[in-house]
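*Asks:* Quick one, what's the 3D model for this:
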Amino acid sequence: MWYVIIDDPMKILKVNKHTNTTEGSPQMMEKLKYEWTAEDKRKVNLDNVAKYILYKTLDKNVFRKIKSCSSSKVIWEKLTQLYEGNNQSKEKKLMVTTQKFDNIRMRLGETITKFDERFSSIVIELLTLGKVYNNREVVIKAMKALPENGISKRWL
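*Replies:* Next comes the predicted model:
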């Protein structure tokens, strides 16, 4: 099914018996719907299945942005643009997320659990943007982000 998302819906072809290309190989032409076999129908329906799966995985706000797309490939391209952006926007996201990582501090009154969620989401976002820190760097950063008083660092 992935090739339908990458390459667009499948076209069902047959050999055109009336013409040949200059290399002698047969020229292909699209089959008429009444000529389709059960397998051909299954292949043509793959785009609908892919669209259905993509629709069901999206929330209402994102669905509104892609509902007018004509094929699963167009939906995928739109989603890629929405979530990844172009190279320039990726670099900006990386810069902003790196700054968040560099400047993170545990907030006054914040629980360890909430801090860990916030810290982990930044580290995961950096990973998805291609920035990888080794475990030692992440642990040191987390330790430095904890407050000097209020939480005993010896328990961590």
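
*Asks:* Quick check on the closest residue to residue 35 other than its chain neighbours: phi, psi?
*Replies:* Leaving aside its chain neighbours, residue 35 sits nearest to residue 14 (7.1 Å; criterion: CB to CB, 6 or more residues apart in numbering). (C-beta placed from N, C-alpha, C; glycine too.) Residue 14 adopts backbone torsions of phi -140, psi 160, taken as degrees, to the nearest 10.

*Asks:* Please give me every residue in contact with residue 14.
*Replies:* 28-31, 35 (CB atoms under 8 Å, 6 or more residues apart in numbering).

*Asks:* Dump the longest helix anywhere in the chain to CSV, restricted to CA.
*Replies:* Longest helix of the chain, by residue count under DSSP state H: helix 38-57. Extracted C-alpha coordinates of helix 38-57, given in CSV (Å, rounded to 0.1, in the frame of the first residue of the first chain):
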residue,chain,number,x,y,z
ALA,A,38,-11.0,-8.8,-9.4
GLU,A,39,-7.3,-8.2,-8.8
ASP,A,40,-7.3,-5.0,-10.8
LYS,A,41,-10.3,-3.8,-8.8
ARG,A,42,-8.4,-4.6,-5.6
LYS,A,43,-5.3,-2.6,-6.8
VAL,A,44,-7.4,0.4,-7.8
ASN,A,45,-9.1,0.4,-4.4
LEU,A,46,-5.7,0.6,-2.5
ASP,A,47,-5.8,4.4,-2.8
ASN,A,48,-9.2,4.5,-1.1
VAL,A,49,-7.9,2.2,1.7
ALA,A,50,-4.9,4.4,2.2
LYS,A,51,-7.0,7.6,2.3
TYR,A,52,-9.3,5.9,4.8
ILE,A,53,-6.4,5.0,7.1
LEU,A,54,-4.9,8.5,6.9
TYR,A,55,-8.4,10.0,7.6
LYS,A,56,-8.9,7.9,10.7
THR,A,57,-5.5,8.7,12.2
